[in-house]
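**Student:** Build the 3D model from these lines:
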Amino acid sequence: MNMLPDFSPFHSSWNGIGPRIGVVMSHGFTGSPHSVRPWAEHLAAAGYAVRLPLLPGHGTTWQDMATRSWREWHRAVDDAYLELAAECDYVFTTGLSMGGTLALRIAATRPVAGTIVVNPGLVLDDPRAVIVAALKYVVKTTPAIANDILKPDQDEGAYARTPVAAAHELKKMYKDTAAILPRISSPVRVYKSTVDNVISNASLEFLRSRVSAPVDISYLRNSYHVATLDNDAPEIFAGTVEFIQKTVAALAGHGPSSEKDTAHEQA
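**Tutor:** Next up, the predicted model:
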C-alpha cells in the first residue's frame, strides 16, 4: 500500500567527488514535491545538492492557491537557485509539467549549466483559456486532471479541484515565459510521454521553435503525464544523471557538447 503523499520540501547537501553540482527542482501545477520526490532522492543519492521547494499555494487548499500569483511560484524556485548558486560550481534546473516551465524560466534568467524537464507546459490548449480572465469571477473551480499515471496505485497528491484564478496565473506565466525562451543558452533535455492527457505536443513544438540552445528529446512510451511516478521513471532518473555528467564534462573541456536538436526514443 502506498503511503500518503508527502507535501514537504526536499533538501540535500553536496556529497560527491569533483566539482560541486546543485539541482533545483520544481513540481507541477496544483501538485506538490511528492510527484518528483523519487527523482530528487535519486539525484541526492548521486551526490548532488538538491533543492525542491513546495510552491506557494500548493500542498494546502485550492482556496489558498486561488490567492497566489505565478510570480510567487517563480520566486520560490529562483530563491532555491540562488541558494545553490552560492555554494555550487554548476547548477541545473529540473521540473515536471508547470515545474518544467519554471525550470525553463530560471534557465532563461540565470546562468544555469543545463535544464531537464518532463512534459513541460508552455501552451494552454483548453478553449476556456481564452476567457479564463473573466471566467474566474463566475466559476471558482473546475475538476482537476490529476493522477494521469499509467502505473497502477500511484497518487501524485494534487488538488481534486483546480482554482480558475490559478489557471489564469498559469496562462500569464506561460505567456511571459514564452517571450524569454530565446534567452536560454545552455542545453536542454526534454522527456515527453507519447500519451499525455494533460499537456499536448504543442508545448514541445513551441519549445523547439523558440530555443536555439541544444535540445535533446527522449520519448517515453510507457508513461502518462506524471512520468516521474510512472513506469519510465527509472529512465528519467538515470538519464538526468547522465545528462548532468556529460554537460559538466563538456563545460570543463573534457567532452563534446550536445547537437542543436536531437531526438531519440526510449524502448
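
**Student:** for the lengthiest helix in the chain, packing partners?
**Tutor:** Criterion DSSP state H: the longest helix present in the chain is helix 233-251. The contact analysis (3 or more CB pairs under 8 Å, 6 or more residues apart in numbering; DSSP states H and E) places helix 233-251 against strand 21-26, helix 37-45, strand 90-96, strand 114-118, strand 188-193, strand 215-220. All C-beta atoms are positioned from the backbone trio N, CA, C, and that covers glycine.

**Student:** Now do the contacts for the residue positioned nearest the centre of the chain.
**Tutor:** In the chain, the centroid-proximal residue (CA atoms, centre = their mean) is residue 95; its distance is 1.6 Å. Neighbouring residues of residue 95 by CB atoms under 8 Å, 6 or more residues apart in numbering: 25-28, 36, 77, 101-104, 117-118, 120.

**Student:** what's the answer for residue 104, then?
**Tutor:** 93, 95, 115, 117, 120, 122, 177, 181, 184, 188, 207.

**Student:** swap in residue 222?
**Tutor:** 150, 230, 231, 232.

**Student:** What is the nearest of those to residue 110?
**Tutor:** Here the nearest of those to residue 110, counting by CB to CB, is residue 232; it sits at 28.5 Å.

**Student:** check contacts around the closest one.
**Tutor:** Contacts of residue 232 (CB under 8 Å, 6+ apart): 191, 193, 220, 221, 222, 223, 266.

**Student:** Model confidence for it, exactly?
**Tutor:** With respect to pLDDT, residue 232 has a value of 98.

**Student:** Same question for residue 161.
**Tutor:** Note on residue 161: pLDDT of 89.

**Student:** Report how many residues lie close to it.
**Tutor:** 18 (other CB atoms under 10 Å).

**Student:** can you pull out the helices in the stretch 51-200 of the chain?
**Tutor:** Listed in chain order, the helices of the stretch 51-200 of the chain (DSSP state H, counting those that start in this stretch) span 62-65, 70-85, 98-109, 132-135, 164-180.

**Student:** Relative to residue 17, which of those is closest?
**Tutor:** So among the helices of the stretch 51-200 of the chain, helix 70-85 is nearest, using CB to CB, at 18.0 Å.
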